[in-house]
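Enquirer: what shape does this take:
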Amino acid sequence: MQAPDIAGVRVAVLMGGRSAEREVSLNTGEQVVAALLERGADAFPIDTAQPSFIDELRVTKPDVAFICLHGRYGEDGTVQGLLELLDLPYVGSGVLASALAMDKVASKHVFSACGVPTPPYVVVREGRPWSDEEVVDAVGPRCVVKPASEGSAIGVTIVHDPSELAPAIAEAFRHDSVVLVERFIDGTEVTVGVLGVDPPFALPTLEIVPAHEFYDYESKYVPGMSRHIIPARVPEEARELCAKLAVAAHEALGCRGVSRTDIIVEPSGEAWVLEVNTIPGMTRTSLLPDAARAAGIEFPELCALLVGYALGDSSSEA
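Expert: Numbers count the residues shown, from 1 in each chain. Down below sits the predicted model:
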């Protein structure tokens, strides 16, 4: 695989924004700009926090947009729709795939319909009645509670006992009016990046070892709070299964160009897809760049590949 020549290509790197992950987005965007400049692109940052960024796009007339916006108003299809209206090519998935992946409940429905194994779950909606007994009957006494449409593990709680369920759901409701409660799967947490367009292909399976009980916000973004192990310490058959499931989840949602799928592998080798990220963290030490590096793709080359996918450059295919 060879990254395309992007020398002189004008790339608007959209970053910052208004979501709870603004600071992470700014960090991602800065590093992407630097990597694209290293490859010779005419890359420049645009903060999307204010609506005036639309005028900035019209004035600067980029050839392509590189979306480094995490969470709402960036990863959920909204910016993608705007860029479609502006006839501006952009890195990553389209409107529908972005919206589906951002909404954990919608993506679980798609996985279930498409035969992609995902932990059993129930949905709790604000203002509607629910009971501990109904939730425990559906997913078991140990479960994971998540806001439906937040990223970076914001508002996520692991429930060890039914007595912890109500406070966990209340915390999730602070971030969203829809909450996903899924069965806790005890196993090895791995993530698999997917690149390409036709066909997409999986990067090496990466194991996440967080300092805390799960891969929470601090584990993701504070240096030293997690380790990445490549290849993941699971049997080769399980690594191959995870690669297949990541591509299957990517295609089930209709993703394009890049995604990263989080999976839990049980000691038996059975694997369960948790969620798909359509705009993975893109700092040099983030999960996707680490996996790409293990496949021989350095960070600036990875950024150039993604621009190539957005522009339809066939030379950037595997």
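Enquirer: contacting residues around stretch 111-128?
Expert: Contact with stretch 111-128 is made by 105, 108, 110, 130, 134-135, 138-140, 148, 169, 173, 177-185, 245, 248-249, 252, 264, 270-274, as judged by C-beta atoms under 8 Å, 6 or more residues apart in numbering. For every residue, glycine as well, the C-beta is placed using N, CA and C.
Enquirer: check the gap between the residue nearest the centre of the chain and His250 for me.
Expert: For the chain, the residue sitting closest to the mean C-alpha position, by C-alpha atoms, centre = their mean, is Asn277 at 1.7 Å. Counting by C-beta to C-beta, to the nearest Å, the gap from Asn277 to His250 is 10 Å.
Enquirer: picking up where we left off before, for the buried ones among the contacts of stretch 111-128, write the corresponding PyMOL selection.
Expert: Remark: buried members of these, expressed as a PyMOL selection using 16 or more other C-beta atoms under 10 Å:
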select buried, resi 105+108+110+130+135+139+148+169+173+178+179+180+181+182+183+184+185+245+248+249+252+264+271+272+273+274
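Enquirer: among the contacts of stretch 111-128, which are in strands?
Expert: Judged by DSSP state E, those include Val178, Val179, Leu180, Val181, Glu182, Arg183, Ile264, Ala271, Trp272, Val273, Leu274 as members of strands.
Enquirer: what about the helices in the stretch 51-200 of the chain?
Expert: 53-60, 78-85, 95-102, 104-114, 132-139, 165-173 (DSSP state H, counting those that start in this stretch).
Enquirer: in CSV, list the ones you listed along with mean pLDDT.
Expert: Formatted as CSV, these follow (pLDDT from 0 to 100):
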stretch, mean pLDDT
helix 53-60, 96
helix 78-85, 96
helix 95-102, 96
helix 104-114, 96
helix 132-139, 93
helix 165-173, 94
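Enquirer: quick one: which of those helices is nearest Ala238?
Expert: Closest of these to Ala238 is helix 104-114, at 18.4 Å (criterion: C-beta to C-beta).
Enquirer: report the backbone C-alpha coordinates of the closest one in CSV.
Expert: The C-alpha trace of helix 104-114 is given here as CSV (Å, rounded to 0.1, in the frame of the first residue of the first chain):
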residue,chain,number,x,y,z
LYS,A,104,-25.2,3.3,20.5
VAL,A,105,-28.8,2.1,20.6
ALA,A,106,-29.3,2.4,16.8
SER,A,107,-26.0,0.7,16.1
LYS,A,108,-26.9,-2.2,18.4
HIS,A,109,-30.2,-2.6,16.5
VAL,A,110,-28.2,-2.8,13.2
PHE,A,111,-25.7,-5.3,14.6
SER,A,112,-28.5,-7.5,15.9
ALA,A,113,-30.2,-7.4,12.5
CYS,A,114,-27.0,-8.1,10.6
